[in-house]
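Novice: sequence and predicted structure below; questions after.
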Amino acid sequence: IVSAFDSEIDQVLDSDMIRRFRNDPGFVSARVEAVNWILTVHAYYQFRPETAYRCVNYLDRFLLSTTLPKGKGWSLQLLSVACLSLAAKMEEISVPLLLDLQTKEPKFMFNPKTIQRMELMVMAVLKWRLRLMTPFDFVHHFISKRSSIGFQSECDQKHV
Amino acid sequence: MDEKPQRFEKLDREGIGTSSMSRQPMYKHLDTETGKRTAIRRLLLKPELQDSFSQSSGLPSLNAAQEEEEEEDYYGVPCMTIREVSLLKIMNHKNVARLVHVEPDNEERFLRLYLEYAGVDLTTFLKENPIWASDPKVTKDLVKQLLHGVAYYHSVDAAHGNLRPHNVLIDIDSSKENVQYNLLITNLQLLPDTLQSNYKAPELLLGSKELSPAADMFSVGCIFFEMLKKKPLFETRHDQIDKLFRLMGTPNEDDWPGVTQLYGKKLSEYRQLKPKNLSKSLFLSDVEPAGVHLLSKMLCLNPNKRITAADALKHRYFADIDPEQQFKTTITATASSSASTSASVIP
């Protein structure tokens, strides 16, 4: 588990940057909207909770390291789709098509090629560091610790 | 391989083989930022292109209509590509080749992965340094480093899936009084040499498609044998199973419970054979018994009983190596050092 922490350094969000963005009401409401859309689609496809965590982590890390063109709502929507698609591909066993992923009344629809380009851009901005520790990993870890004292769980198979 | 960024310079004379994907020769590239060598691996961004890509020579460019069709059922960057690159990105071990840089090509048809490259591949090493390679201590040192690298892969919940001598790089550092060997596991998609030698685990040959740590360990066993005897364990692909069963015995329910249910149909084509004495049938009498024992554990047919990389490192074969200090030979650097390159020692 120590090695897992080592890989975390890139994923810590810069608190100064967070403070600066907090004071920008336009940004905050746009982000809330984006996250809400993500969670709606997430619920629709019954993705695992890890997927939502990952997706919002990618979204925030991207927003903190790059500035999207101002006043263009589509760019945030495109980013949301790309992040959701990446998160699902990292976490889920089956992933919907890019066209099907844009459900629940998104404000804009994008063709798959554009989304793929955005996926590549997001991964480049995140320096390809898509593997991350989620709070869920700790749950698995502690369950597996417990199971070694004689508590059977299906989660432990993977992490012991 | 047409346009390349400023950062990487193609080293024209240092070919490393033929790409199994594009059937073009592959070259090492110099990373001008660090002065280190890299090799390129390509990952497709469109899995459906695989077929037309591998037929290559008369590579038909996709026509517009086909491309329209693709749009409909499009998943974007393939899952496996994303998972693989993000995994390589966090890998940090002295025996595993680092991912130096990633970039898509101009048309976004594939990703170029620049992987650390050092020294020469194992086959070349064995051929070019017959004296060093015959030293049992060198073999032991190299197998140990190989196992450390493989154990690292497995410790991050990953399997390598393509362990073969051209993916094992050996860098000889003869600058010091004691010659040192650094082993690096990489994953390049190169065509096998003229010999269709094979390193696949029996469960994969019998039809399983699952890459697993156990399957990696079988490949390690094949590589171990190759280090000992300077020739591949299975020289031809088509009769590998046959040869393997003649050596290890045909698997049965006793030593591999469930095997009939999994692969019964395929197994019925083979005669029931009994396992043989490895040392005798593989002419390993010059190898210490502990080494033969370790080899037999790695070549174990049942993947569930096959030794793991972590356990192999604890095997008594390695008992006489100082665990802290890497083995150093006392051969002075007067012997052939043609293959030595800048060391890739990572602090």
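Specialist: Perfect, I can see it now.
Novice: what's residue 136 sitting at in phi/psi?
Specialist: No chain in the question, so chain A it is. With angles defined as degrees, to the nearest 10, A:Phe136 sits at phi -60, psi -30.
Novice: to clarify, I was referring to chain B.
Specialist: B:Pro136 has phi and psi values of phi -60, psi -30 when expressed as degrees, to the nearest 10.
Novice: what of B:Gln180?
Specialist: The phi/psi pair for B:Gln180 (degrees, to the nearest 10) is phi -120, psi 150.
Novice: who does it form a beta bridge with?
Specialist: B:Asp173 (DSSP bridges).
Novice: B:Met80 and B:Leu44, how far apart?
Specialist: As judged by C-beta to C-beta, to the nearest Å, B:Met80 and B:Leu44 stand 9 Å apart. From N, CA and C alone the C-beta is placed, and that goes for glycine too.
Novice: B:Val77 too?
Specialist: 10 Å.
Novice: so the residue nearest the centre of chain A, which of the three states?
Specialist: Centroid-nearest residue in chain A: A:Cys55, 1.2 Å away (criterion: C-alpha atoms, centre = their mean). Three-state assignment for A:Cys55 (DSSP: H, G, I helix; E, B strand; the rest coil): helix.
Novice: wait, doesn't it sit right on A:Trp37?
Specialist: No. Counting by C-beta atoms under 8 Å, A:Cys55 sits too far from A:Trp37 to count as a contact (10.7 Å).
Novice: for chain A, which residues are neighbours of chain B?
Specialist: Within chain A, the positions near chain B by C-beta under 8 Å from any C-beta of the partner chain are A:3, A:6-7, A:85-86, A:89-90, A:95, A:97-99, A:111-113, A:115-117, A:119-120, A:123-124, A:127-131, A:158.
Novice: just the residues you listed: which are in helices?
Specialist: The helices, defined by DSSP state H, take in A:3, A:6, A:85-86, A:89-90, A:98-99, A:112-113, A:115-117, A:119-120, A:123-124, A:158 from the residues of chain A next to chain B.
Novice: which residues of the stretch 201-347 of chain B score low on pLDDT?
Specialist: B:322-347 (pLDDT under 70).
Novice: helices of that one, residue ranges please.
Specialist: In the stretch 201-347 of chain B, the segments counted as helices under DSSP state H, counting those that start in this stretch are B:202-205, B:213-229, B:240-248, B:259-267, B:278-281, B:289-298, B:309-313.
Novice: right, and the ones you listed - which one's nearest A:Ser144?
Specialist: When the helices of the stretch 201-347 of chain B are compared by C-beta to C-beta, helix B:309-313 sits nearest A:Ser144, at 17.1 Å.
Novice: right, is that closest one up against chain A?
Specialist: No. Using C-beta under 8 Å from any C-beta, we find that helix B:309-313 stays clear of chain A, coming within 12.9 Å at best.
Novice: which helices and strands sit right next to that helix?
Specialist: helix B:136-155, helix B:213-229, helix B:289-298 (3 or more C-beta pairs under 8 Å, 6 or more residues apart in numbering or on different chains; DSSP states H and E).
Novice: give me whichever of those helices is most buried.
Specialist: helix B:213-229 (a mean of 23; mean count of other C-beta atoms under 10 Å in any protein chain shown).
Novice: packing partners of that helix?
Specialist: Against helix B:213-229 (3+ C-beta pairs under 8 Å, 6+ apart) you get helix B:122-128, helix B:136-155, helix B:202-205, helix B:289-298, helix B:309-313.
Novice: now the helices of the stretch 201-347 of chain B in a markdown table, with distance to A:Phe142?
Specialist: Formatted as a markdown table, those follow (distance: least, C-beta to C-beta, whole Å):
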| stretch | distance to A:Phe142 |
| --- | --- |
| helix B:202-205 | 33 |
| helix B:213-229 | 24 |
| helix B:240-248 | 41 |
| helix B:259-267 | 35 |
| helix B:278-281 | 44 |
| helix B:289-298 | 34 |
| helix B:309-313 | 23 |
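Novice: the residue nearest to B:Val168 when sequence neighbours are not counted: what's it in contact with?
Specialist: In space, and not counting its chain neighbours, B:Val168 is closest to B:Leu122: 4.3 Å by C-beta to C-beta, 6 or more residues apart in numbering or on different chains. Going by C-beta atoms under 8 Å, 6 or more residues apart in numbering or on different chains, B:Leu122 touches B:Pro165, B:His166, B:Val168, B:Leu169, B:Ile170, B:Ile223, B:Glu226, B:Met227.
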